[in-house]
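In: sequence and predicted structure below; questions after.
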Amino acid sequence: MLTKKIATSMERALRRFPAESRALGAGRTTIALAQASIMIFTPSSYLFVPVGADEIKIDCSTSAQAISLYCLADSTDRQFLNLLVLAFLLIVASGILPRYTTVLHFWTSLSIGQSISLPDGGDAVAQVVTFFLVLACANDRRTWHWQKSENHEGKGSVWQGIAWAGWWGVRLQVAYIYLNSALAKLPVDQWAEGSATYYVARMENFGAGGLFADLFRWATSVTLIALLSAWGTILGESLIAFLLLRRGSRQAIAAAISTCLHLLIILQLGIVSFGFVMVGAVICAASRGIDAHTPRVKDALARARGSIPGGPTSAPADPEPADRTDAVKIGA
């Protein structure tokens with residue numbers, strides 16, 4: 001009996017799953033542009049750190065490394081390969097043919113993560129997320145991922161099931177990253193006592209920099225602000241993980257918290273590419289909730305401006321039915 005209920009619930013979730021998503025496309029574009037910023041603003045000499053007077057030899061020993069562009073074209077000038085990687089990322093960011101460019105995006109992310117000598121954490125996240133996006137976009141038949149979703153006969157096809165599973169893969173992986181980050185901070189004395197951001201802002205090679213460096217150093221010298229920023233980071237990461245596993249507007253709230261958190265980190269520490277890779281990943285994971293509730297937000301703003309009369313919203317209903325008496329809730 002329970003197995004039948006689970007199967008029924010899964011079938012309903014598959015039918016309702018929006019395989020064609022503008023929010024998912026926005027997340028893909030954000031990740032691709034964040035990676036492109038690495039290729040644009042980082043000199044090749046930093047991407048591939050030389051040893052002595054010789055150019056560093058890229059490790060191609062593992063299977064994942066061997067299929068990297070930099071290993072497959074090892075004899076080609078690396079600056080040219082960097083430009084090629086940049087071109088691939090801009091194609092992905094444009095949103096053209098999402099069903100196929102997700103494969104290109106994954107291969108490009110793999111090439112960056114496995115071959116460059118300047119990892120920042122975002123490259124590892126991008127590799128995993130873009131792999132699941134290959135599956136999540138398997139049933140996306142649009143020419144551009146900025147187009148509105150259309151109803152296709154493929155709603156009940158195996159591609160729909162693959163897309164649903166891929167989106168769940170993104171969702172679970174991103175939630176795990178944030179939960180793991182939050183839990184890893186708890187045993188560290190500086191985070192537990194609330195002084196971590198004070199010390200981070202004053203690190204010699206990884207501290208506050210740029211226009212707001214003095215402001216952040218001053219702010220973290222205030223005990224209450226230091227406590228709130230340290231414990232607030234742990235709370236924010238925990239909330240993102242929790243809300244991504246909920247449905248509807250809660251996913252959109254997770255995306256908003258992630259955006260605010262990483263913008264603050266970018267302003268303080270300047271790790272731009274990592275921050276926007278994480279924001280893009282959360283947008284992809286929260287895409288279903290964002291798609292469902294964006295029209296409601298637009299209608300509410302329009303009513304507030306007085307451009308349309310008040311009344312019931314034209315936004316679609318929640319992705320999951322409100323009545324749960326005949327099904328086991330397994331997804332959002």
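Out: Structure received.
In: ok, residue 36 to residue 202 distance?
Out: Residue 36 sits 32 Å away from residue 202, going by CB to CB, to the nearest Å. Using the backbone N, CA and C atoms, a C-beta is placed for each residue, glycine as well.
In: between those two, which is the more surrounded one?
Out: Using other CB atoms under 10 Å as the criterion, residue 36 and residue 202 rank with residue 36 on top: 20 against 15.
In: tell me if I'm right that residue 281 and residue 31 touch.
Out: Yes: the criterion here is CB atoms under 8 Å, and residue 281 meets it with residue 31 at 6.6 Å.
In: so what sits against both of those two?
Out: Common neighbours of residue 281 and residue 31, using CB atoms under 8 Å, 6 or more residues apart in numbering, are 126, 129.
In: could you list the low-pLDDT ranges of the stretch 101-250 of the chain?
Out: Scanning the stretch 101-250 of the chain for pLDDT under 70 picks out the ranges 151-156.
In: can you give me the helices in it?
Out: Ranges of helices within the stretch 101-250 of the chain are 122-136, 158-185, 189-193, 196-201, 213-221, 223-244, 249-269, based on DSSP state H, counting those that start in this stretch.
In: how far away from the center of its chain is the last one?
Out: A distance of 11 Å separates the C-alpha centroid of helix 249-269 from that of its chain, computed with CA atoms, centre = their mean, to the nearest Å.
In: next, the buried residues of it.
Out: Of the residues in helix 249-269, 249-255, 257-259, 261-262, 264-269 count as buried by neighbour count, 16 or more other CB atoms under 10 Å.
In: please identify which helix or strand holds residue 5.
Out: Per DSSP states H and E, residue 5 falls inside helix 2-16.
In: that helix relative to helix 158-185, how many degrees between them?
Out: Counting by axes from the mean of the first three to the mean of the last three CA atoms, to 10 degrees, helix 2-16 lies at 100 degrees to helix 158-185.
In: and the helix or strand following helix 2-16 with helix 122-136, angle?
Out: Where DSSP H and E defines the elements, the next helix or strand beyond helix 2-16 is helix 22-41. Interaxial angle, helix 22-41 versus helix 122-136 (the same axes, to 10 degrees): 140 degrees.
In: and after helix 22-41, which helix or strand comes next?
Out: helix 44-47.
In: nearest residue to the middle of the chain?
Out: Geometric centre of the chain, nearest residue: residue 281, 0.7 Å, by CA atoms, centre = their mean.
In: so which elements touch the helix or strand that one falls within?
Out: Using DSSP H and E, the element containing residue 281 is helix 272-285. Helices and strands touching helix 272-285, by 3 or more CB pairs under 8 Å, 6 or more residues apart in numbering; DSSP states H and E, are helix 22-41, helix 122-136, helix 158-185, helix 223-244, helix 249-269.
In: closest to residue 145 out of those helices?
Out: Across the helices and strands packed on helix 272-285, the minimum distance to residue 145, taken as CB to CB, is reached by helix 22-41, at 2.9 Å.
In: packing partners of that closest one?
Out: Contacts defined by 3+ CB pairs under 8 Å, 6+ apart place helix 22-41 against helix 78-94, helix 98-115, helix 122-136, helix 272-285, helix 287-305.
In: restricting to C-alpha, output it in PDB.
Out: Extracted C-alpha coordinates of helix 22-41, given in PDB (Å, rounded to 0.1, in the frame of the first residue of the first chain):
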ATOM      1  CA  ARG A  22      13.700  30.400 -17.000                       C
ATOM      2  CA  ALA A  23      15.000  30.400 -13.400                       C
ATOM      3  CA  LEU A  24      17.100  27.300 -14.100                       C
ATOM      4  CA  GLY A  25      18.400  29.100 -17.200                       C
ATOM      5  CA  ALA A  26      19.300  32.200 -15.100                       C
ATOM      6  CA  GLY A  27      21.200  30.000 -12.700                       C
ATOM      7  CA  ARG A  28      23.100  28.400 -15.600                       C
ATOM      8  CA  THR A  29      24.000  31.800 -17.000                       C
ATOM      9  CA  THR A  30      25.200  33.100 -13.600                       C
ATOM     10  CA  ILE A  31      27.500  30.100 -13.200                       C
ATOM     11  CA  ALA A  32      28.900  30.400 -16.700                       C
ATOM     12  CA  LEU A  33      29.500  34.100 -16.400                       C
ATOM     13  CA  ALA A  34      31.200  33.600 -13.000                       C
ATOM     14  CA  GLN A  35      33.500  31.000 -14.600                       C
ATOM     15  CA  ALA A  36      34.100  33.300 -17.600                       C
ATOM     16  CA  SER A  37      35.300  36.100 -15.300                       C
ATOM     17  CA  ILE A  38      38.100  33.800 -14.200                       C
ATOM     18  CA  MET A  39      39.300  33.400 -17.800                       C
ATOM     19  CA  ILE A  40      38.900  37.200 -18.500                       C
ATOM     20  CA  PHE A  41      40.500  38.700 -15.500                       C
END
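In: thank you kindly, that will do.
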